[in-house]
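>>> after the sequence you'll find the predicted model.
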Amino acid sequence: MMRRAGTLLFAVLAFGGASRLEGQTASNFDVTALCEAAGLTSRGTALCRDVATAVELTQPEIGLALAGGNPVLGTASPIGTKFRWLPRMFIGGRLSFIWAEIPDILNYPEASGDPVGKVDLSVTMPQLDLSVGIFDGFMLNTTLGGFASVELLGSLGPVLLPAGAGFQNDATGWGLGARIGVLRESFTAPGISVSGMYKSAGRIRYGNVADGDDAQFSMNLNVTSFRAGISKSFVAIGLGFTLGYDHYSSDVAFGVADELGNLVPVVSESAPADVSSGRWSAFADVSYIVLFFNIVAEFGWQETQTLTTSNGAEFQSGKWLLGLGIRFSL
């Protein structure tokens, strides 16, 4: 049965592999042309390009914390309903951590040949999760149920950004979506499901030229997340594996300081640039189960992309996620 379930999950995920997008960033503007049109010095032009690089690195990193891994922490089994139409619910909370690094655009080197520094970032997101079963699905046979079941998903929480690294504010993230059941977990079969969610966070600001920084940028963040997962419980321990794809989009504005320390806006908030990217990801959940209460640890990986600064330094976006949480079944 586990082999059949694995084959079924592979079929569910195959459509994603057929149209796989590499970890790349796209935008509706020419960074080089904009930086040159701003009338900057050679140092200012290099800084301008590296601000765009910092944006492209930051978007998927914070986006991973917002998107998270398994939308219902610890399980891929469809929740279903209690008695025909009466909903069943999962309520949970999680704490997600990601670590990243971006070029130091706030203290940019004066000489063009000097190396660009690195800033280490740690992003934390506490989040409340809710899943409500609204359709129990169909029985395929006496032990295989939950096919085409439907549940609604919701999430809410703050994106906590490190002020010491240059961020000017935190943001609030929220999400809505749905999960479709493929198989409900039973004694002989694992739980399998696919889901989609739209998540969004308010405008994030990094750096402030008025306070003496060499550059600044701001961006909102929207994430369209798709997940396909499989899970199975073994007495008091549960294991789950999830494959995901996230599409990130942001309205971005940025500027740099001139020789006198005044702001030169390269892209304004009134006419922002659209920057988008896509990443594949994978997650593993380990649960400790006590009746209707679960304690879950989640480990995640995001597809990497290597970007190069003006002086040739390499930075990578897309690394690791660690999550800890609890889930109640009602």
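Perfect, I can see it now.
>>> wouldn't K118 be in contact with P103 here?
Yes. Here K118 reaches P103: they are 6.7 Å apart, a contact under C-beta atoms under 8 Å. C-betas here are computed from N, CA, C, even on glycine.
>>> any residues in contact with both of these two?
Contact with both K118 and P103 is made by residues A313, F315, according to C-beta atoms under 8 Å, 6 or more residues apart in numbering.
>>> quick one: which of the two has more around it?
P103 (25 against 13; other C-beta atoms under 10 Å).
>>> next one, pLDDT for that one please.
pLDDT for P103: 95.
>>> residues in contact with it?
By C-beta under 8 Å, 6+ apart, P103 lies in contact with D50, T53, A54, L57, V116, G117, K118, V119, T309, A313, F315.
>>> now the buried members of these.
The neighbour count (16 or more other C-beta atoms under 10 Å) marks D50, T53, A54, L57, V116, V119, T309, F315 as buried among these.
>>> okay if I get the residues you listed as a markdown table plus pLDDT and distance to L221?
Formatted as a markdown table, the buried ones among the contacts of P103 follow (pLDDT from 0 to 100; distance: C-beta to C-beta, whole Å):
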| residue | pLDDT | distance to L221 |
| --- | --- | --- |
| D50 | 94 | 20 |
| T53 | 93 | 17 |
| A54 | 94 | 15 |
| L57 | 93 | 13 |
| V116 | 91 | 24 |
| V119 | 93 | 19 |
| T309 | 89 | 23 |
| F315 | 91 | 19 |
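>>> out of those residues, who's nearest M89?
L57 (37.7 Å; C-beta to C-beta).
>>> okay, and the closest one sits in which element?
Assigned by DSSP states H and E, L57 belongs to helix 42-67.
>>> parallel or antiparallel, list what pairs with the very next helix or strand once past that helix.
As assigned by DSSP H and E, the chain's next helix or strand after helix 42-67 is strand 89-103. Applying DSSP bridges, strand 89-103 is found paired with strand 118-135 (antiparallel), strand 320-329 (antiparallel).
>>> return the set of buried residues in strand 89-103.
The neighbour-count criterion (16+ other C-beta under 10 Å) identifies F90, G92, R94, S96, I98, A100, E101, I102, P103 as the buried residues of strand 89-103.
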